[in-house]
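**Student:** Sequence plus the predicted model coming up.
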Amino acid sequence: MSAVPGIELLAVQGMPELRPGDDLAAEITRCAPWLADGDILVVTSKAVSKVEGRLISTSGNPDEREAARQQAITDETVRVIARRGPLRIAETRHGLVMAAAGVDASNVADGQIALLPLDPDGSARRLRDALAERAGVRVAVIISDSMGRPWRHGITDVAIGVAGLSAVRDERGERDRHGNLLEVTEVAVADELAAAADLVKGKLSDIPVAVVRGLAYSDDGRGSSTLIRGADGDLFRMGTAEALALGRAQAAAPADGDSDGDSPRPDVSGLHADVLATLASMPLDPADGTGQSAIREGFYGLLAARPDATRLACVPGHVTASTLLLDSEGRRVLLTLHPRVGAWVQLGGHIEDTDSSLLAAAAREAAEESGMTGLVLDPLPVNLDVHALTCALGLPTRHYDVQFVGRAPAGAEPVISSESDDLRWFEVDDLPAGVSPELPILIGRAVQRVAGNR
């Protein structure tokens, strides 16, 4: 990237009200036939969420809509950073820290609520490729969303998805005109472009797309990942040292029913250390666009605050272990109809104090829920997920689920247990209705891992 005498900001006018399944690239091409090589296309995340179906339908009743919005915020939250009344500042599974976890009820039809795209970098890449195919132009694409800033009033647009553009310009090691060595300067170019483009878009203009023209840029292929600050460099990760101290005090408090505190709690420090080691062993690349590295940071935050994070009694959230179990040929997946969740899910559950490791907990749960022996699990997790629910704890909490992939021996048939309403094999490409959108992603990663290990 290099400085230029000036740039142009061009609004893409005439865009229709977008709906799930619409061809966003086709609409942009129709409304901006003047799009040229080297342009930078900035698209509001709401437009992407609409065409990708990231919408929740609610009734027109204001109270019911607000209840649905609050539940959506909970479901999209990996970690609550701050709370004041109904307002929550939360970290999403993408690693973004936003008010209401990016859940928004503006610029959508009555009775709808918009969620952030599942994979903003992937959305940007797909749109960029589609524009190259349809219009024959090579452009960079930024997916933008509005954010507030700590200690500042007002919102500004930032980049949450990037393709074809280096999101950050690293000037460390360069010298300014006075010869001073720059030691900390990293410029969030994608955020600056998103904010600039919003001058011709905005929430009240019905213009969700803009073009920045005239800026020379390069592409490091890392998408928006370079904009996310990791736990090691985040001075405000837990808010204050007191928050960590409070979590540790709660973890050391007597267990429920042990008011006198005479009964010692089991020592789970070995399990805690094993979870940290297992997470660290995952071969994750922050630039792969899956968001798994950001989710792992949420696990690290819980484990830093709570020495009892492996125990069911840890009310803010606790680590669980699950297994995506494939048959011997890798063509079928064993799913359980979970009585509490009411949906088909992979096998898994809580860690027990007697488990020797996280992997052992996953293997035990898989054997208990499948009724089969001889299961073989890959020791490296294949996926991480955080979801809100009311589990056997009996209180609203979160499961920080570490997900493994396993194989059943040839000819093995499952035996339903009391923990399942039903238990069946399904073809990996023919799943039952009503599964969560995360399950096909987990299955895809599991099948890829198994294929790569052959």
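**Tutor:** Cool, the structure landed.

**Student:** show me what contacts the most centrally placed residue in the chain?
**Tutor:** Centroid-nearest residue in the chain, with CA atoms, centre = their mean: R93, separated by 2.3 Å. Neighbouring residues of R93 by CB atoms under 8 Å, 6 or more residues apart in numbering: 76, 78, 291, 294-295, 298, 386. Just so you know, the C-beta spots here come from the backbone N, C-alpha and C atoms, and that holds for glycine as well.

**Student:** Which phi and psi values does V212 adopt?
**Tutor:** Main-chain dihedrals, V212, degrees, to the nearest 10: phi -100, psi 130.

**Student:** circling back: identify, from the contacts of R93, the entry nearest to V405.
**Tutor:** I295 (17.2 Å; CB to CB).

**Student:** Now do the helix or strand hosting Q70: which elements does it pack against?
**Tutor:** Assigned by DSSP states H and E, Q70 belongs to helix 62-76. If you count contacts as 3 or more CB pairs under 8 Å, 6 or more residues apart in numbering; DSSP states H and E, helix 62-76 packs onto strand 87-92, strand 112-114, strand 383-390.

**Student:** count of neighbours near G434?
**Tutor:** 9 (other CB atoms under 10 Å).

**Student:** With secondary structure, pLDDT and distance to L442 as extra columns, can I get the contacts of R93 in CSV?
**Tutor:** Shown next, in CSV, are the contacts of R93 (DSSP: H, G, I helix; E, B strand; the rest coil; pLDDT from 0 to 100; distance: CB to CB, whole Å):
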residue, secondary structure, pLDDT, distance to L442
E76, helix, 92, 18
V78, strand, 87, 17
G291, coil, 84, 13
A294, helix, 86, 17
I295, helix, 91, 13
G298, helix, 90, 17
V386, strand, 93, 13
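
**Student:** just curious, which of those residues is nearest to D430?
**Tutor:** G291 (26.5 Å).

**Student:** which residues does the closest one contact?
**Tutor:** 93-95, 119.

**Student:** Surely L271 is within a strand?
**Tutor:** No: counting by DSSP: H, G, I helix; E, B strand; the rest coil, L271 is located in no strand; its state is helix.

**Student:** In this structure it contacts D355, no?
**Tutor:** Yes: at 6.6 Å, L271 counts as touching D355 under the criterion of CB atoms under 8 Å.

**Student:** one step back: show me the one in the contacts of R93 that has more neighbours than the rest.
**Tutor:** V78 (29 neighbours).

**Student:** for that residue, what are its contacts?
**Tutor:** With CB under 8 Å, 6+ apart, V78 has these contacts: 90-93, 294-295, 298, 386.

**Student:** Pipe the residues you listed into a markdown table and attach distance to F404 per row.
**Tutor:** Putting those into a markdown table (distance: CB to CB, whole Å) gives the following:
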| residue | distance to F404 |
| --- | --- |
| A90 | 27 |
| E91 | 24 |
| T92 | 24 |
| R93 | 19 |
| A294 | 20 |
| I295 | 16 |
| G298 | 19 |
| V386 | 16 |
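
**Student:** name the element E369 belongs to?
**Tutor:** helix 358-370.

**Student:** which stretches of this structure form helices?
**Tutor:** Taking DSSP state H, the helices of the chain run over residues 24-31, 45-51, 62-76, 120-135, 189-197, 241-252, 269-281, 292-305, 358-370, 438-453.

**Student:** And these: which comes nearest E413?
**Tutor:** Closest of the helices of the chain to E413 is helix 358-370, at 9.4 Å (criterion: CB to CB).

**Student:** which parts of the closest one are buried?
**Tutor:** 358-367, 369-370 (16 or more other CB atoms under 10 Å).

**Student:** Next, format those residues as TSV and append distance to I143 and pLDDT.
**Tutor:** Listed next are the buried residues of helix 358-370 as TSV, based on distance: CB to CB, whole Å; pLDDT from 0 to 100:
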residue	distance to I143	pLDDT
L358	34	96
L359	37	96
A360	41	96
A361	38	97
A362	35	97
A363	40	97
R364	42	96
E365	37	96
A366	38	96
A367	43	95
E369	39	95
S370	40	95
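
**Student:** could those go into TSV alongside distance to V51?
**Tutor:** Below are these laid out as TSV (distance: CB to CB, whole Å):
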residue	distance to V51
L358	39
L359	40
A360	44
A361	40
A362	37
A363	41
R364	43
E365	38
A366	38
A367	43
E369	38
S370	39
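
**Student:** Closest to D422 out of the residues you listed?
**Tutor:** Once CB to CB is applied, the member of the buried residues of helix 358-370 that ends up nearest D422 is E369, at 11.7 Å.

**Student:** Might you report the residue contacts of that closest one?
**Tutor:** 336, 347-349, 417, 419-420, 423.

**Student:** Tell me which two in those residues are the farthest apart.
**Tutor:** Pairwise over the contacts of E369, using CB to CB, the maximum falls at G349 and L423, 14.1 Å.

**Student:** Between those two, which is the more surrounded one?
**Tutor:** Neighbours were counted for G349 and for L423 using other CB under 10 Å; G349 has more, 22 against 19.

**Student:** Quick one: residues contacting A135.
**Tutor:** 25, 29, 33, 35.

**Student:** how near is it to P33?
**Tutor:** A135 sits 8 Å away from P33, going by CB to CB, to the nearest Å.

**Student:** try L395
**Tutor:** L395 is 57 Å from P33, by CB to CB.

**Student:** Now R222. Nearest residue, chain neighbours left out?
**Tutor:** The spatial neighbour of R222 that comes closest, neighbours along the chain excluded (CB to CB, 6 or more residues apart in numbering), is A287 at 4.0 Å.

**Student:** ok, the one you found to R125 distance?
**Tutor:** 12 Å.

**Student:** Quick one: mean pLDDT over stretch 274-283.
**Tutor:** Throughout stretch 274-283, pLDDT has a mean value of 92.

**Student:** sorry, that was for stretch 168-185
**Tutor:** For stretch 168-185, mean pLDDT is 85.

**Student:** got a markdown table for the contacts of A135, with neighbour count, distance to R177 and pLDDT too?
**Tutor:** What follows is these, written out as a markdown table (neighbours: other CB atoms under 10 Å; distance: CB to CB, whole Å; pLDDT from 0 to 100):
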| residue | neighbour count | distance to R177 | pLDDT |
| --- | --- | --- | --- |
| A25 | 20 | 43 | 97 |
| T29 | 18 | 43 | 97 |
| P33 | 8 | 42 | 96 |
| L35 | 20 | 36 | 97 |
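
**Student:** Of these, just say which sits nearest to A114.
**Tutor:** A25 (20.0 Å).

**Student:** Burial check on V4, number of neighbours?
**Tutor:** V4 has 9 nearby residues by other CB under 10 Å.

**Student:** for it, what are its contacts?
**Tutor:** Counting by CB under 8 Å, 6+ apart, V4 makes contact with 214-216.

**Student:** Who wins on neighbours among those residues?
**Tutor:** When neighbours are taken as other CB under 10 Å, the top entry among those is L215 (21 neighbours).
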